[in-house]
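1. Whatever this is, show me its structure:
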Amino acid sequence: MKRLTLLCLFVIGSCLRAEDPEPKTAEQILSIVRLSYALQNHKMNGTLRDDASGRVEPLELTMERQVMCFRFQNPPAEIVQLDLNTTPATLYQVKPSGASEVPTSQMDKKVRGMELNYLDLSLAFLYWPRPQHLGEERVTGQKCWKVRVTNPNLKRQGPYWTVDIWVHQGSGGAAKMEAYDWNSKLIKRFQVTKVQEVDGATTLKEMKIETFHPPDGELQGRTYMKMDHPKKD
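-> Alright, predicted model coming up:
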């Protein structure tokens, strides 16, 4: 089986082998996705670009010892770390005074003013309980499992109520995601639009992130994430 690596919001690696048994439950599928993040160990440079204004934010992404580090260089500089050694993963903001966990109240805040929030960076929805297996669908011609996760917060905190995740069957990586608000209206979509070959695998070159106005589904904003060729340590 040819390995496939997709970055959907972040970096999603390849952890499935031809001899591995096919996962039969939604929880098994999400476990594969979570594992694919943890297996990464490389460095990537790229940009976030706002489609309407053309504004660009340089981005450096490193992954080492199951910690993802996002570095934004434009003033004011910002460092965000995702520690995958905890369950669920823990998102930190790193400042000169030290690292502090990103509070729940900030999770719906846009990252660098782009169509990407801190909840997206935290991957918290990959740990939500009782996921549902919705069968198989194709994304850009590739066979995927479709899994739906539901926010367990009884106080309806957070921007997303449910998130649908299309998981590529050849790699265990997320190929597409759609997030819905507490009224079941689409508010966010992530879609890989370009890929590149790296050491016999396929990795992200460009991803489109779109937000929508819930009542009428009108497009509100679009951000493109572009990544350069990965550098392995």
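2. now the chain, which segments are flagged as low pLDDT?
-> Along the chain, the model assigns pLDDT under 70 to residues 1-21, 36-41, 197-203, 231-233.
3. Kindly list the longest helix within it.
-> Using DSSP state H, we find that the single longest helix of the chain is helix 26-38.
4. Report all helices and strands that it contacts.
-> Helix 26-38 sits against strand 132-139, strand 142-150, strand 162-168, with contacts defined as 3 or more CB pairs under 8 Å, 6 or more residues apart in numbering; DSSP states H and E. For every residue, glycine as well, the C-beta is placed using N, CA and C.
5. For those, give me a markdown table that also has distance to residue 212 and mean neighbour count.
-> Listed next are the helices and strands packed on helix 26-38 as a markdown table, based on distance: least, CB to CB, whole Å; neighbours: other CB atoms under 10 Å:
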| stretch | distance to residue 212 | mean neighbour count |
| --- | --- | --- |
| strand 132-139 | 19 | 13 |
| strand 142-150 | 18 | 20 |
| strand 162-168 | 14 | 23 |
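6. Make a markdown table from those and add distance to residue 208 to it.
-> Converted to a markdown table, the helices and strands packed on helix 26-38 look like this (distance: least, CB to CB, whole Å):
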| stretch | distance to residue 208 |
| --- | --- |
| strand 132-139 | 13 |
| strand 142-150 | 16 |
| strand 162-168 | 14 |
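7. Can you tell me which of those is nearest to residue 33?
-> Taking CB to CB, strand 162-168 is the member of the helices and strands packed on helix 26-38 nearest to residue 33, at 5.9 Å.
8. What is the closest one packed up against?
-> Applying 3+ CB pairs under 8 Å, 6+ apart, one finds that strand 162-168 contacts helix 26-38, strand 132-139, strand 142-150, strand 174-180.
9. Let me have the ones you listed in a markdown table, extended by distance to residue 188.
-> Formatted as a markdown table, the helices and strands packed on strand 162-168 follow (distance: least, CB to CB, whole Å):
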| stretch | distance to residue 188 |
| --- | --- |
| helix 26-38 | 17 |
| strand 132-139 | 16 |
| strand 142-150 | 14 |
| strand 174-180 | 4 |
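10. burial of residue 219, as a residue count?
-> When neighbours are defined as other CB atoms under 10 Å, residue 219 has 11 of them.
11. Show residues contacting the strand or helix carrying it.
-> In this structure, residue 219 sits in strand 218-227 according to DSSP states H and E. Strand 218-227 is contacted by residues 7, 9, 44-52, 59, 61, 114-116, 193, 203-213 when judged by CB atoms under 8 Å, 6 or more residues apart in numbering.
12. coming back round to it: can you give me how far the longest helix of the chain is from the chain middle?
-> 13 Å (CA atoms, centre = their mean, to the nearest Å).
13. immediately after that helix, which helix or strand?
-> Using DSSP H and E, the next helix or strand after helix 26-38 towards the C-terminus is strand 42-50.
14. what angle separates that next one from strand 218-227?
-> With axes from the mean of the first three to the mean of the last three CA atoms, to 10 degrees defining the directions, strand 42-50 sits at 150 degrees from strand 218-227.
15. Paired strands for strand 42-50, with orientation please.
-> strand 56-64 (antiparallel), strand 218-227 (antiparallel), strand 231-232 (antiparallel) (DSSP bridges).
16. Residue 26 contacts residue 147, correct?
-> Yes - assessed by CB atoms under 8 Å, residue 26 is found in contact with residue 147 at 4.7 Å.
17. Nothing else from me, thank you.
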